[in-house]
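In: Build me a structure from this.
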Amino acid sequence: MRKFVVSIALLLGVLCGNPLAQMVHPKGVTIWDWFRARGGLTFIAAPDGTARLVGMLGDVVNTWRAPAPDDALLVKMPILGSPGHILAAHGPIAVPGYARGRGSIVTEYDYFGNVVWEYRAAATIDIFPFGGFHHDLTRLDNGNTLVMASVLADIGYISNTTLIDDCLLEINPAGSIVWAWFTWQHFADFGFSDAAKLQIYGRGGDWAHANSVTVIPPNTLFDPRFRQGNLIVSYRNLNTIIIIDRGTGAIVWQMGPNDAQTIGQHYANMIPLGLEGAGHLIAFDNGAAGGYPPISREYSRVVEIDPVSRTVPWTYTASRSGIQDWTFYSPFIGGAQRLQGGNTLVTEGTKGRVFEVTSTGAIVWEYMSPFSEQRLEDGNTVVDYNVFRAIRLPNLWPWFGTAPGGV
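Out: Below is the predicted model of the structure:
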């Protein structure tokens with residue numbers, strides 16, 4: 001049955017794209033079990049600076065790109081409650097140690113690429129030089145925009161080297177920062193060992209590397225730590241996921257660094273009501289060199305975490321799909337989103353691979369991104385097919401929008 005599904009999908013890929021390219025290096029949709037896969041549109045952020053909406057056949061339904069030809073949308077996410085609108089960070093900014101991937105402008109675009117709202121960063125945030133928007137941003141229920149950013153901070157008791165310190169900024173429609181949260185201010189709350197503190201002191205720079213911030217949706221967990229509106233933040237370099245109380249700014253829940261269940265993880269988010277595992281966290285567990293001292297494994301996982309019991313009731317590794325674990329590995333970037341019926345959409349980011357898997361490990365949809373960026377590194381041409389994160393949306397999202405859990 002699977003061979004039949006793959007063959008049909010490959011044939012569709014040949015018909016929809018370059019036949020020779022598809023045969024040599026299959027791109028687009030390579031697996032589609034239409035009976036078990038959950039239909040919809042998949043929002044992908046590719047390395048060429050363009051956001052795309054892709055159908056189940058791999059057809060490109062819509063694209064968004066920054067207006068300036070030499071600009072790129074570095075970070076992009078759909079606004080779930082606004083039909084066809086996305087948020088994007090762009091406008092590159094020079095940050096020591098970062099050649100790419102940071103922006104100075106946040107823009108909301110409508111479905112046709114028109115600018116609806118825009119915010120341009122000031123030179124300083126609080127008293128610190130601005131270090132760029134990066135990795136994640138989202139529209140809050142109150143109409144404000146939450147953005148992940150960095151500041152350049154000299155904090156002597158943390159490091160003798162300038163920190164590229166992650167912060168969260170809530171910006172209202174008028175362009176004012178109405179709430180800010182800085183990682184360095186909570187250094188003591190993470191519970192680092194003396195050995196870890198010593199390594200961080202010597203490293204400085206991008207010491208924590210936050211890579212996602214998500215909002216806790218409505219849930220049935222009668223625990224104030226997990227109340228709707230609190231924030232889940234993932235720190236790659238700390239192997240740590242935290243929950244921030246929006247009212248007090250306190251870290252009220254934490255996994256890692258000393259009891260980490262994940263290594264270098266990305267996109268920690270809570271499964272919404274109506275989906276299997278509702279109230280649990282789900283994250284892409286990269287497995288590559290996170291922590292102080294660094295630890296690693298040579299394959300990736302998707303993990304589902306019960307935040308109350310702190311157990312891991314479900315994981316996905318390649319062995320669930322009948323193949324060797326090492327074949328599923330993205331040392332950085334990636335994501336996981338729970339869908340209807342217990343399926344999970346997985347972004348194996350560094351391979352440009354997005355696939356949908358059932359709870360028992362059957363791969364029912366697979367998409368290999370054909371969109372790439374070519375650049376020079378050390379005199380060599382690098383072709384990059386990375387997909388930072390993929391989000392499955394209902395077919396009617398461009399016209400009616402959707403709420404979390406609607407897929």
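
In: Which residue ranges of the stretch 51-200 of the chain form helices?
Out: 194-203 (DSSP state H, counting those that start in this stretch).

In: so where's it shaky on pLDDT?
Out: By pLDDT under 70, the weakly predicted segments of the stretch 51-200 of the chain are 97-100.

In: 80 - rerun?
Out: Applying pLDDT under 80 to the stretch 51-200 of the chain flags the ranges 67-70, 92, 94-101.

In: For it, which segments are assigned as strands?
Out: Ranges of strands within the stretch 51-200 of the chain are 51-54, 60-64, 75-78, 86-92, 103-109, 115-120, 124-125, 128-139, 145-153, 163-171, 177-182, based on DSSP state E, counting those that start in this stretch.

In: now those strands in TSV, with mean neighbour count?
Out: C-beta coordinates here come from the backbone N, C-alpha and C atoms, glycine included. Conversion of these to TSV gives the following (neighbours: other Cβ atoms under 10 Å):
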stretch	mean neighbour count
strand 51-54	22
strand 60-64	16
strand 75-78	23
strand 86-92	24
strand 103-109	22
strand 115-120	14
strand 124-125	16
strand 128-139	23
strand 145-153	24
strand 163-171	23
strand 177-182	16
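
In: okay if I get the ones you listed as JSON lines plus distance to P26?
Out: Formatted as JSON lines, the strands of the stretch 51-200 of the chain follow (distance: least, Cβ to Cβ, whole Å):
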{"stretch": "strand 51-54", "distance to P26": "15"}
{"stretch": "strand 60-64", "distance to P26": "17"}
{"stretch": "strand 75-78", "distance to P26": "26"}
{"stretch": "strand 86-92", "distance to P26": "28"}
{"stretch": "strand 103-109", "distance to P26": "31"}
{"stretch": "strand 115-120", "distance to P26": "37"}
{"stretch": "strand 124-125", "distance to P26": "45"}
{"stretch": "strand 128-139", "distance to P26": "30"}
{"stretch": "strand 145-153", "distance to P26": "34"}
{"stretch": "strand 163-171", "distance to P26": "38"}
{"stretch": "strand 177-182", "distance to P26": "44"}
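
In: Which among those is found nearest to I363?
Out: strand 51-54 (17.1 Å; Cβ to Cβ).

In: Show me what the closest one is packed up against.
Out: Contact here means 3 or more Cβ pairs under 8 Å, 6 or more residues apart in numbering; DSSP states H and E; on that basis strand 51-54 packs against strand 41-45, strand 60-64.

In: average model confidence for the first one?
Out: Per-residue pLDDT values over strand 41-45 give a mean of 95.

In: Give the full set of residues in contact with the residue lying closest to A210 once chain neighbours are set aside.
Out: Excluding its sequence neighbours, the residue lying closest to A210 (Cβ to Cβ, 6 or more residues apart in numbering) is D166, at 3.8 Å. Counting by Cβ atoms under 8 Å, 6 or more residues apart in numbering, D166 touches 148-150, 182-183, 208-210, 235.

In: Walk me through the domains of this protein.
Out: As given by automatic domain parsing, the domain ranges for the chain are 1-50+209-407, 66-187.

In: Adding distance to Y201, write these out as TSV.
Out: Output for the domains of the chain, formatted as TSV (distance: least, Cβ to Cβ, whole Å):
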stretch	distance to Y201
domain 1-50+209-407	10
domain 66-187	5
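
In: between those, which gets nearest to L57?
Out: Nearest of the domains of the chain (Cβ to Cβ): domain 1-50+209-407, 5.7 Å.

In: Could you double-check that G204 lies in contact with T162?
Out: Yes: taking Cβ atoms under 8 Å as the definition, G204 is a contact partner of T162 at 6.2 Å.
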